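Enquirer: my questions are about this predicted structure, shown below with the sequence.
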Amino acid sequence: MEKKITVLPGDGIGPEVIASAVEVLQVVGKRFNHTFHLAYGAIGGAAIDQYNNPLPDETISLCEQSDAVLLGAVGGPKWDQNTPELRPEKGLLRIRKHFDLFANLRPVMAIPSLLGASPLKKEVAENVDLMIVRELTGGVYFGEPRMRTDDGAIDTTVYSRKEVERIVENAFHLARLRKGRLCSVDKANVLETSRLWREVVEEMKKRFPDVQVEHHLVDSVAMKLITNPSHFDVVVTENMFGDILSDEASVITGSLGVLPSASIRGDNFGLYEPVHGSAPEIAGQGVANPAATILSVAMLLKYSFGLKEEAAEIERAVNAVFEDGYFTADLARDGDRVLTTSEWTNKVINEI
Ligand code: ATP
Ligand code: MG
């Protein structure tokens, strides 16, 4: 297979974790006989410094010519005082919008050797293997009207049937690829948009008879994620509920620093990035944990290129290195030997 990937290292530890992930990508390519052509572009603070624009046209056109995008992280204190249009984070919002990446996928999987850092009991967290699918481009964050009045404020939740259908359909496909269970989350006892959401899920499930569907209210899911997280496979929900639940889910297994994410749309194109940010205070020291970005490469191979075996090999290698007791500074506990970013990456590469 021959594919083009645009690589956007970004700011802070972004370039360091990206360098590791790209090495792993190329090793997997070699081992499975694929050629990945990489094009590097600027985004975030790095792009502001170079182009006075957090998402320059040059970067957009690179991405348009690619099959997928791999991103590090954006932001840092250097640009905190900038005007809103010249903030690094603006680059990220604009790239999602430009490519209409309406589905945000955040898998959360228990890694046995990291469960000590979970706030939950080991027996509650140990079998967790779920994915939050969050609608990313609609809902209350974008609905009009939004305004302040003299004695109050207004936000509006808007969803069209089409917007709900496309995210729900995606979630059904993902459930099919995973354990075949879909939990749809809404607040249908109160919200009109939630009743539409539930209706769409009910209609769509006729097309996916092999997927087992449940409806839950968001408040109940918030509790169940803590009391019985291994109950869930794919959880699909609207923008704001997904924002909140995906952060809640990310701490369940204690491995926040190793979580990957994908932002996708109906075709094979997608943007892949670690859940964590640019961690400016440790940037440039060679100590960042590259696992989340390496696992984002696994997601890219699986969801954009359909390379399941290659993705599984990366996941296996990462898990094996943790199981062997090798950690970067953020995960190491007393007595563990601490590896640098490149030492840890080499362990993964040797494993592959
Ligand atoms: P953002 O606003 O971009 O989400 P943030 O400041 O909320 O950024 P992070 O940049 O993810 O969050 O950092 C949170 C903490 O986790 C920091 O102490 C940071 O050093 C640490 N951290 C984040 N990612 C990593 C990593 N890959 N390796 C080591 N430490 C990390
Ligand atoms: Mg943050």
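Expert: Structure's in. What do you need? Ligands and ions are numbered 1, 2, ... in the order given.
Enquirer: what's the neighbour count on the residue of the stretch 101-250 of the chain found nearest ligand 1?
Expert: Closest contact between the stretch 101-250 of the chain and ligand 1, by CB to the nearest ligand atom, is at Asp247 (10.2 Å). Any C-beta I mention is one placed from the backbone N, CA and C, and that applies to glycine too. A total of 13 residues lie near Asp247 under the criterion other CB atoms under 10 Å.
Enquirer: and the stretch 151-300 of the chain, which residues reach ligand 1?
Expert: Taking CB under 6 Å from any ligand atom as the test, the list of the stretch 151-300 of the chain residues beside ligand 1 reads 257, 276-279, 281-282, 288-289, 292.
Enquirer: can you point out the buried residues in the lengthiest helix in the chain?
Expert: Among the elements of type helix in the chain, defined by DSSP state H, the one spanning the most residues is helix 14-32. For helix 14-32, burial by neighbour count (16 or more other CB atoms under 10 Å) applies to 14-25, 27-29.
Enquirer: tell me the one of those nearest Gly72?
Expert: Minimum distance to Gly72 across the buried residues of helix 14-32 is 2.6 Å, recorded for Gly14 (CB to CB).
Enquirer: is the nearest residue to the closest one once chain neighbours are set aside within a helix or a strand, and which one?
Expert: With CB to CB, 6 or more residues apart in numbering as the measure, Gly72 is the residue that lies nearest to Gly14, at 2.6 Å, once sequence neighbours are left out. Mapping Gly72 onto the secondary structure by DSSP states H and E places it in strand 68-73.
Enquirer: may I have that strand as PDB, with CA atoms only?
Expert: C-alpha atoms of strand 68-73 as PDB (Å, rounded to 0.1, in the frame of the first residue of the first chain):
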ATOM      1  CA  ALA A  68      -4.600  11.400   6.600                       C
ATOM      2  CA  VAL A  69      -3.100  13.900   9.000                       C
ATOM      3  CA  LEU A  70      -1.000  13.200  12.100                       C
ATOM      4  CA  LEU A  71      -0.800  16.000  14.600                       C
ATOM      5  CA  GLY A  72       1.400  16.600  17.800                       C
ATOM      6  CA  ALA A  73       0.000  19.300  20.000                       C
END
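Enquirer: parallel or antiparallel, which strands does it pair with?
Expert: Neighbouring strands of strand 68-73 in its sheet, by DSSP bridges, are strand 2-10 (parallel), strand 270-274 (parallel).
Enquirer: what are the contacting residues of it?
Expert: With contact meaning CB atoms under 8 Å, 6 or more residues apart in numbering, strand 68-73 is reached by 3, 5-15, 17-18, 21-22, 25, 43-44, 63, 92, 95, 268-274, 276-279, 293, 296-297, 300, 304-305.
Enquirer: figure out how far that strand is from the centre of its chain.
Expert: 11 Å (CA atoms, centre = their mean, to the nearest Å).
Enquirer: circling back: and the pLDDT for the residue nearest to Gly14?
Expert: Confidence per residue is given as pLDDT, and for Gly72 that number is 98.
Enquirer: that one: neighbouring residues, count only.
Expert: By the criterion of other CB under 10 Å, Gly72 has 28 neighbours.
Enquirer: which residue does this protein have closest to ligand 1?
Expert: For the chain, CB to the nearest ligand atom, closest residue to ligand 1: Gly277, 2.1 Å.
Enquirer: look up how far Gly12 lies from that residue.
Expert: When CB to CB, to the nearest Å is the yardstick, Gly277 and Gly12 sit 7 Å from each other.
Enquirer: ok, Gln26 - contacts?
Expert: When the contact criterion is CB under 8 Å, 6+ apart, the partners of Gln26 are Phe36.
Enquirer: quick check: it vs Leu38, distance?
Expert: Gln26 sits 8 Å away from Leu38 when distances are taken as CB to CB.
Enquirer: and what of Pro280?
Expert: 25 Å.
Enquirer: check Gly116 too.
Expert: In this view, Gly116 and Leu38 are 37 Å apart by CB to CB.
Enquirer: go on, Lys30?
Expert: Following CB to CB, the distance that separates Lys30 from Leu38 is 14 Å.
Enquirer: also Ile48?
Expert: The span separating Ile48 from Leu38 equals 23 Å under the rule CB to CB.
Enquirer: which one's more surrounded, those two?
Expert: Neighbours of Ile48 and Leu38, each counted by other CB under 10 Å, are more numerous for Ile48; the result is 25 against 14.
Enquirer: contacts only, for that one.
Expert: For Ile48, the residues meeting the contact criterion (CB under 8 Å, 6+ apart) are 54, 79, 82, 86, 88.
Enquirer: that one in helix, strand or coil?
Expert: Following DSSP: H, G, I helix; E, B strand; the rest coil, Ile48 is assigned to helix.
Enquirer: let the chain start at 8 from now.
Expert: Shifting the count to begin at 8 puts that one at Ile55.
Enquirer: can you give me the pLDDT of it?
Expert: We have a pLDDT of 98 for Ile55.
Enquirer: in this protein, which residue is closest to the centre?
Expert: Taking CA atoms, centre = their mean, the centroid of the chain lies closest to Ser268, which sits 1.5 Å from it.
Enquirer: elements contacting the one helix or strand His180 maps to?
Expert: Following DSSP H and E, one finds His180 within helix 168-184. Under the contact definition 3 or more CB pairs under 8 Å, 6 or more residues apart in numbering; DSSP states H and E, helix 168-184 sits against strand 110-116, strand 136-142, strand 188-193, helix 199-211, strand 241-244.
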